[in-house]
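S.K.: Provided below for reference: sequence and predicted model.
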Amino acid sequence: MDARRGSLPVPRVRQVGFFTPNAPPAPTRSQSGPPNSSSPPLPESPASNSLSPVMIPPPRHHSDNLAAAPRPTSPLPVPEPSPFRRRGAHAGADNNAPLVGSYNPTETLLAMSPPATRSPSDSHAGDGESEVAMSGGWFRRSNSAKLASSLPSGTFDFSSVQSTAEALKPTKVQNRVGVSEASGRPAPKEQQPEAPSSSKQPKPKLTKAERRALQESQRAAKAATKASGGGKSVAASEEVTTVKSVKQHQTQKKDAPHVAVSVAASERKGGDKSQEKERRKDAPAPRMQFDDKSRVDKAKRRSVVDQTEARNRVELFRHLPQYEHGTQLADLESKFLQLDPMHPAIYKVGLQYLAGDISGGNARCIAMLQAFQQVIQDYSTPPEKTLQRDLTAKISSYVSFFTQCRPLSMSMGNAIRFLKNRIAKLPLSLSESESKSSICSDIDRFINEKIVLADRVIVQHASSKVKDGDVLLVYGSSCVVEMILLHSHELGKQFRVIVVDSRPKLEGKALLRRLVVKGVHCTYTHINAVSYVMHEVTKVFLGASSVLSNGTVYSRVGTACVAMVAHAFRVPVIICCEAYKFHERVQLDSICSNELGDPDAIGKVPGRMDVNYLDDVSNSVNLQLLNLMYDATPADYVSMIVTDYGMIPPTSVPVIVREYRRDHLLI
Amino acid sequence: MKEQTTRAMWWRSPSFILDNRQQQQPYDTARGDALSIPLSSPLPPSTTMADPNPNPNPNPLTDKISAYYQTRAAHHGVVSSDWLAQAQAAVGHLPEGDDDANTTDQGASSGKPFSVIDEFNNWRKQPDLAEAVAAIRALAAVIRNSQATTMMELEIELKKASDSLKSWDTTSISLTAGCDLFMRYVTRTSALEYEDFNSAKTRLIERAEKFGEISYKARKIIAMLSQDFIFDGCTILVHGFSRVVLEVLKTAAQSKKLFRVFCTEGRPDRTGLRLSNELAKLDVPVKLLIDSAVAYSMDEVDMVFVGADGVVESGGIINMMGTYQIALVAHSMNKPVYVAAESYKFARLYPLDQKDMGPALRPIEFGVPIPSKVEVETSARDYTPPQYLTLLFTDLGVLTPSVVSDELIQLYL
């Protein structure tokens, strides 16, 4: 274990500022050099051989799973774009598997799926709770792989089940063994378990791998209990547990007594565990850090969309994913038939995200929810599964598909959290069609109340602040700001609008057109001139992608600049944002969480050959292009936030988050 | 429980806000002529009712004088040399006052039909009773005198009464805020779901009286809370005449604290002079400054104490003209600015700048004729943004400005 840790790419000294990427030995995944000498580069390496099956990330898709999942030595299923990257993947994954296994990076945007399952809490009492969490965490993969996830043993460790099953002959377990037998690696010789020692022994500090093994064993125990029926269940499960755990640890470390002890312990305190789990589920999950090579590789292996990365990336933003745009569409289309579990509606929306056809926080959120609605309408629970768990798992896999197409916005994260909450809270007594229609109407209500009606209320509030003779400055194109301007214009207020825009998206032009058509007096300028026009402005109206609980406004890049200039000129800055976009996170800068756009978009000006000086040097190692999508405006620059709960100062965002949380549980 | 949760949800959903808005539309249009219509009794025609209620200022904007400042002037005119004795008597005889009120209520209901404006004016005669508290008491009397037989009827009646009170003086922030808060506090109770109408009504009356009591005691609570901030040997700058601030200083003087007060003159109605009179009676050393001497004397000052006409959602205050510049000067010299304000002054307003609120005008005497070509700024109050305030002393506790909005959200959402 320690040896593995030791082979991590150790010195993670991050250089601040801009520099040439091939200079330092720091882990850059775009590097094509040999990744790490201590890790064997080839897939069929001893390192991967020695890897326990527990460590294999269960792949996403049915077909993939059956073909490759339980066979760690076989090449990995997802097609590989370049052998170099692949090599890096293996090195990283194998070295870090114990660390990575505990956590599923692509899911982590959603607070529904924190690595909560790490705690050994599968007591029988907390069954439902733990199952939900399980389906949100790293076990979901195998759940979606149709391995009877409705049973607690859905996440069985295949290799070790084999022998256990033969020993005990539990009927149900055997079924599943049948599935996994073909691919399971030969189970190691059974070792005599040590007797479960007293539960008083202090719980030792477990490594992640051990914890994981422990959990597997508990699950197995439960399955066995179920299988062998009432009579000898306790004893049997106990036995199975210890046997299994020992077996697993053979591949890593012999640690049987600890495992047995903590199994007993976990069985003792089921109650407070589930509470703790609830709490953890509430905590926001960490985001994927794209400069962590091993995790990236891991995610890539599972991913459907092949995103090729840009070459030269700015060091400060290395943790964010940056993809070459425009290459994946055809790729994805060709793969359509392979991806049978993907619903066409999801696929369509994902492609639209990818191509940039749907943009804007509300539009993206509504499109996603409507796609989910279609999925739910077409959904039928597979046999031996429950709707709650299977559907949550499905939605999580769809969400990760969306994430690969384009990183989720925080508002989408909130909507997904709402949806999962609704599904999890469905009463078990409902029939399938009732549950489906209930979820669909919940989604409708969410769209209607939290987006459509909320926008209308915001428009009412904000247009009360538009007075005759005002000069309003808007930046970019925000749909709610546009509604405010049009509504105020319809009310007959006399005002003028300055539309400030910026390269490369030039979203303001579309807004400008719609305003001019309606007869609003407009001025159009680029952000370069904002300090010049600001002196005549009386109010600044801005949209937001999200508002964080310290009052920071996370919005289209350039917003912070406009707000800062307005603040310097003592012009009130009014942020218009629906309350469902509020997020409990605190962020101080726009570096740690952001989205990178297509770097070529800033390097090139379409249709202007004479200024495209970068055409021939865009591949130079000396050139790094940074196209940030969002920035964070500090609360100091914000005078007021208009939301569906009224006009509030930025300091009151946490209150709304608190209230809103409570009520979207209730809705 | 279920009902309650759904109800809470309903209150919170934005659709409720919309519905409410739509419901209010007819009121707003109807309010113009309903200005002086007394409520709660559908029997008498409104014209006869309006007569005993000579509205002191039906349309403040045309008169160019804010009704709010008129009433204030009238009130402070009552403050004579024996103001304190009177006030003391009023405090001491509170139960009797209540009895009087009850008898007048009964008289009103038996003799002539009950009118909320009458009731309000009755209460306003008590010299140290704030306008909002008078309104709260009057609204409580509305519930007590109501002949409604269903909860819905009662609620509508109450709503109408509060609307007529609010329209009685649209420039008074505390009156509007007090009525709104009363409605929220009283009607937001599970009592409305009781089966029995009478028990529900009693519950409402209980809550209404409790709210009136809280509002009445607010000044005392604030005076107690602020004592920790006044230390021996400090110099306090006050602006305008605020009964809360006077109460604070009085309590400090009575607890033998040694401090000095700088009073601004408080042009145009010279409220500072009045305050300095009161303080001199308490043997507090007072120095009178003209309004423009604030910056000159700020270096001697340890803290600034002001009252407020209204506390707005941003945490800023709306107060007598001049508060903003005093706060600016104090801020630039790093002196704390304390605001004493009762919680019924918390209003759901959010002014973005000085001009972003309903005007309250007040004539200014210059002593010499002003040429007609010269324009005079007659606004009576200004808005002080929250970043220039240090703390707010309210009956909810000592708050930073940002908490005001939190309290308001919790009250209204």
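M.R.: Okay, I see it. None of the values given here were measured: they were computed from a predicted structure. Residues are numbered from 1 along each chain as shown, chains lettered A, B, ... in the order given.

S.K.: please, where are all the strands along chain A?
M.R.: A:470-475, A:495-501, A:521-526, A:539-543, A:546-548, A:553-556, A:573-576, A:582-583, A:630-633, A:640-643, A:646-648 (DSSP state E).

S.K.: JSON lines please, covering the ones you listed and showing distance to B:F262.
M.R.: Any C-beta I mention is one placed from the backbone N, CA and C, and that applies to glycine too. JSON lines is the format used below for those (distance: least, Cβ to Cβ, whole Å):
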{"stretch": "strand A:470-475", "distance to B:F262": "40"}
{"stretch": "strand A:495-501", "distance to B:F262": "44"}
{"stretch": "strand A:521-526", "distance to B:F262": "49"}
{"stretch": "strand A:539-543", "distance to B:F262": "37"}
{"stretch": "strand A:546-548", "distance to B:F262": "42"}
{"stretch": "strand A:553-556", "distance to B:F262": "41"}
{"stretch": "strand A:573-576", "distance to B:F262": "36"}
{"stretch": "strand A:582-583", "distance to B:F262": "44"}
{"stretch": "strand A:630-633", "distance to B:F262": "40"}
{"stretch": "strand A:640-643", "distance to B:F262": "34"}
{"stretch": "strand A:646-648", "distance to B:F262": "36"}
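
S.K.: which one of those lies closest to B:S255?
M.R.: B:S255 lies closest to strand A:646-648 among the strands of chain A, at 38.4 Å (Cβ to Cβ).

S.K.: contacts for the closest one, please.
M.R.: Strand A:646-648 has contacts (Cβ atoms under 8 Å, 6 or more residues apart in numbering or on different chains) with A:461, A:465, A:640-641, A:655-656, B:313, B:348, B:350, B:405, B:409, B:412-413.

S.K.: hmm, try it at 10 Å
M.R.: By Cβ atoms under 10 Å, 6 or more residues apart in numbering or on different chains, the residues outside strand A:646-648 that reach it are A:457-458, A:461-462, A:464-465, A:547, A:551, A:574, A:579, A:639-642, A:652, A:655-656, B:14, B:17, B:312-314, B:348-350, B:352, B:405-406, B:408-409, B:412-413.

S.K.: name only those of these that count as buried.
M.R.: A:457-458, A:461-462, A:465, A:547, A:551, A:574, A:579, A:639-642, A:652, A:655-656, B:14, B:17, B:312-314, B:348-350, B:352, B:405-406, B:408-409, B:412-413 (16 or more other Cβ atoms under 10 Å in any protein chain shown).

S.K.: counting neighbours, what do you get for the residue of the stretch 101-250 of chain B found nearest chain A?
M.R.: Residue nearest to chain A within the stretch 101-250 of chain B (Cβ to the nearest Cβ): B:D180, separated by 12.8 Å. As a burial measure, B:D180 scores 18 neighbours (other Cβ atoms under 10 Å in any protein chain shown).

S.K.: ok, A:V621 next?
M.R.: For A:V621, the neighbour count with other Cβ under 10 Å is 11.

S.K.: then A:C479?
M.R.: Other residues lying near A:C479 total 15 when counted by other Cβ under 10 Å.

S.K.: give the contact list for it.
M.R.: By Cβ under 10 Å, 6+ apart, the contact set of A:C479 is A:G360, A:G361, A:N362, A:A363, A:D455, A:L511, A:G543, A:C576.

S.K.: what's near enough to touch the third one?
M.R.: It refers to A:N362. Here A:N362 is in contact with A:409, A:411, A:447, A:450-452, A:454-455, A:478-480, A:543, A:578, A:580-581 (Cβ under 10 Å, 6+ apart).

S.K.: cutoff 6 Å now
M.R.: Residues near A:N362 by Cβ atoms under 6 Å, 6 or more residues apart in numbering or on different chains: A:I451, A:C479.

S.K.: and it, how far from B:L349?
M.R.: Note on A:N362: its distance to B:L349, by Cβ to Cβ, to the nearest Å, is 28 Å.

S.K.: can you check the fourth one too?
M.R.: Between A:A363 and B:L349 the computed distance is 33 Å (Cβ to Cβ).

S.K.: so where's the chain uncertain?
M.R.: Reading this off chain A. For chain A, residues meeting the criterion pLDDT under 70 lie at A:1-210, A:213, A:220-293, A:296, A:298-313, A:322-341, A:661-667.

S.K.: nope, chain B please
M.R.: B:1-114, B:127, B:188-195, B:413.

S.K.: the stretch 451-600 of chain A: helices as residue ranges?
M.R.: Secondary structure of the stretch 451-600 of chain A (DSSP state H, counting those that start in this stretch): helices at A:454-463, A:479-490, A:508-518, A:530-533, A:559-568, A:599-603.

S.K.: of all these, which lies closest to B:N198?
M.R.: Of all those, helix A:454-463 sits nearest to B:N198, with 37.2 Å by Cβ to Cβ.

S.K.: for chain A, which residues are neighbours of chain B?
M.R.: Residues of chain A lying close to chain B (Cβ under 6 Å from any Cβ of the partner chain) are A:449, A:453-454, A:457, A:572, A:644-645, A:647-649, A:651-652, A:655, A:663, A:666.

S.K.: between all of the residues you listed, which two are separated the most?
M.R.: For the residues of chain A next to chain B, the farthest-apart pair by Cβ to Cβ is A:P572 and A:L666; their separation is 34.3 Å.

S.K.: all strands for chain B, in order.
M.R.: Ranges of strands in chain B, per DSSP E, are B:234-239, B:259-264, B:286-289, B:303-306, B:310-311, B:317-320, B:337-340, B:381-384, B:391-394, B:397-399.
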